[in-house]
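# my questions are about this predicted structure, shown below with the sequence.
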Amino acid sequence: MAAAAESRRVVGAPACLCVLCGLPAAGKSTLARRIVGTAGELGWRAAVVPYDDLIPEQAFQTEVLEDGIKLQEMHTNWKSHRQAVLHSIGQFLERLDVVAQVQSSSLINSAAWERCTQALLQPEDSKSDGTPLLFLLDDNFFYPSMRYEVYQLARKYSLGFCQVYLQCDLESCISRNHSRSKPVPTAVIQEMEKRLESPNPQKNFWEIQSISLNTTDSVQKVMELISSALKHPLSPVEDNTEQKDTDRLRCATSVVHQADQACRRLISEAMRAARGQWSASQTLFISQLFLQEVPFIQEEDVDVEQVVKRVVGSIFDEQKRDILSRFLYNNE
C-alpha cells in the first residue's frame, strides 16, 4: 500500500485528460498550442499528446476502394497503437523514475513520447506544489468508443476528464489538409466526416464535461472547462454506480421492447386463428341459408329482403356469439 501511494506522487496535484476531437485539419493542433501557452501563464504543467506523431505512419495505411474507405478496418488496425499511447500515459502517472528513464511502448514513437512528457516533469530540485497537470490528447476521436477509453483511464487514476470538439466544415478541412506536409487522403476525411459522432452528453453520461467550438480563438472557454474538470476528478465508485444505472435502464428498455414484440406476435396469431373460424362459419352459414333456412318454392315469390333480415338478425348473430365465446374460452 505504501508503494502504491508513493507511485501516485506524480499525480498528487490536480490532473486532467482533455480530449481534442474533430476532423483532420479542423484546427485541433493550433488550439492545443494556444491552450499550452495559456496554461503556462497560469503556472500549470501542460503537454500535447499528438497521436499523429506518436503512432507510426504505417499504422494508418488502409485500402482505398471504389465505395470509399474501410474505416472500421482502419480503426481496428491502429487500435493497438492507440491503446499503447494510453498505456504510456498510465506508466508516466505511476512511475517515480520518469526523469531518469522515460518508459513507452514499442508501438509508439519513443522520441515523440519523450518530447511530450518533458514539459510535465518537475525539475529534480523542486517539490510538488499542487501545480495542475494537463494532458491534451490531440486526435480525431471520431468514434465515442475511442473517447471512452480515455475516460476509463481518467477514472482509473481519479483524474479530471473533459472533451473539446472542434467543428469545421468538410470543404475547409480538405482545403487546409492539402497544405500539410503529410496530407491525409481526401477520401479518408470524407468517410470520417460521415462516421464522426461528436460528444453527446444526452446519450453518454460520461461526456457531460464537453463543449463544441467553431473557432480556435475560444481558449478562455476551454480553460474554464479544464478548470471545472480539475476541480471535479472522476471517482471510480460513483461512476460505476452511474454506469450500472445506465445498464439497468438499457436492460429494462430491452425487456419492454421484447415483451411488446412477443405480445404483438400472440395477438397476430390470435387474429389469424379468429379469421379462420369466421371464414369457416361464413361458409357454414351460407350453406344453411340455402339448404335449410330458405323455403324456396318455385310457384311462390320470395321476399329476399325479409329472408336476409331474418337470417342475419337471428342465425348469424347466434353463430357470431358462439364463435366469440369459444374463441375467448380457448384463449383464457
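Alright, I've got the coordinates. Numbers count the residues shown, from 1 in each chain.
# switch to C-alpha atoms for all contacts and neighbour counts from now on
Fine.
# what about the helices in the stretch 151-300 of the chain?
170-178, 186-195, 219-231, 236-288 (DSSP state H, counting those that start in this stretch).
# measure stretch 173-182 end to end?
14 Å (CA to CA, to the nearest Å).
# what does stretch 22-35 give?
Span of stretch 22-35 from end to end, CA to CA: 16 Å.
# residues touching that stretch, excluding its own?
For stretch 22-35, the external contacting residues (CA atoms under 8 Å, 6 or more residues apart in numbering) are 20-21, 48, 136, 138-142, 165-168, 172-174, 176-177, 184, 189, 192-193, 196, 198, 216-217, 219, 222-223.
# mind checking which of these are buried?
For the contacts of stretch 22-35, a burial check counting by 16 or more other CA atoms under 10 Å picks out 20-21, 48, 136, 138-142, 165-168, 173-174, 177, 189, 192-193, 196, 198, 216, 219, 222.
# domains of the protein?
Following automatic domain parsing, the chain resolves into domains at 2-234, 248-330.
# show me the strands in this structure, by range?
Using DSSP state E, the strands found in the chain span residues 15-21, 45-50, 64-65, 68-69, 133-138, 160-166, 210-213.
# between the ones you listed, which one is nearest to residue 81?
Set against residue 81 and scored by CA to CA, the strands of the chain come closest in strand 45-50, at 12.6 Å.
# and that closest one, which strands flank it?
If you go by DSSP bridges, strand 45-50 pairs up with strand 133-138 (parallel).
# on that earlier part again, weakest of the domains of the chain in terms of mean pLDDT?
For those, mean pLDDT drops lowest on domain 248-330, to a mean of 63.
# one step back: is it possible to export the strands of the chain to CSV including distance to residue 38?
Shown next, in CSV, are those (distance: least, CA to CA, whole Å):
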stretch, distance to residue 38
strand 15-21, 15
strand 45-50, 10
strand 64-65, 40
strand 68-69, 38
strand 133-138, 12
strand 160-166, 16
strand 210-213, 17
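# residue 39: which of the ones you listed is closest?
Taking the strands of the chain one by one with CA to CA, strand 45-50 is closest: 6.5 Å.
# distance between the ends of stretch 20-39?
End-to-end distance (CA to CA), stretch 20-39: 16 Å.
# I should have written stretch 201-216 there, sorry.
Stretch 201-216 end-to-end distance (CA to CA) = 22 Å.
# who's in contact with it?
By CA under 8 Å, 6+ apart, the list of residues contacting stretch 201-216 reads 27-28, 30-31, 148, 151, 161-168, 199-200, 222, 225, 229.
# now those: which count as buried?
Counted by 16+ other CA under 10 Å, the contacts of stretch 201-216 give 27-28, 31, 151, 161-168, 199, 222, 225, 229 as buried.
# which one of the residues you listed sits closest to residue 83?
Nearest member of those to residue 83, counting by CA to CA, is residue 151, at 12.6 Å.
# pretty sure the closest one is touching residue 159, no?
No - contact status for residue 151 versus residue 159: not in contact, 9.1 Å apart, counting by CA atoms under 8 Å.
# mind listing the shared neighbours of the two?
What both residue 151 and residue 159 touch, as defined by CA under 8 Å, 6+ apart, is an empty set.
# show me the contacts for the nearest residue to residue 46 once chain neighbours are set aside.
Nearest non-adjacent residue to residue 46, counting by CA to CA, 6 or more residues apart in numbering: residue 134, 4.5 Å away. Neighbouring residues of residue 134 by CA under 8 Å, 6+ apart: 15-18, 44-47.
# who wins for neighbours among those residues?
Sorting the contacts of residue 134 by how many neighbours each has (other CA atoms under 10 Å) puts residue 15 first, at 30 neighbours.
# please name the residues that touch that one.
Contacts of residue 15 by CA under 8 Å, 6+ apart are 132-134, 159-160, 230.
# redo that, cut-off 6 Å
Applying CA atoms under 6 Å, 6 or more residues apart in numbering, one finds that residue 15 lies in contact with 132-134, 159.
# identify the bridge partners of the closest residue to it other than its chain neighbours.
Distance criterion CA to CA, 6+ apart; nearest residue to residue 15, sequence neighbours excluded, is residue 133 at 4.4 Å. Taking DSSP bridges as the rule, residue 133 bridges to residue 15, residue 45.
# run a quick neighbour tally on residue 133.
Counted with other CA under 10 Å, residue 133 comes out at 25.
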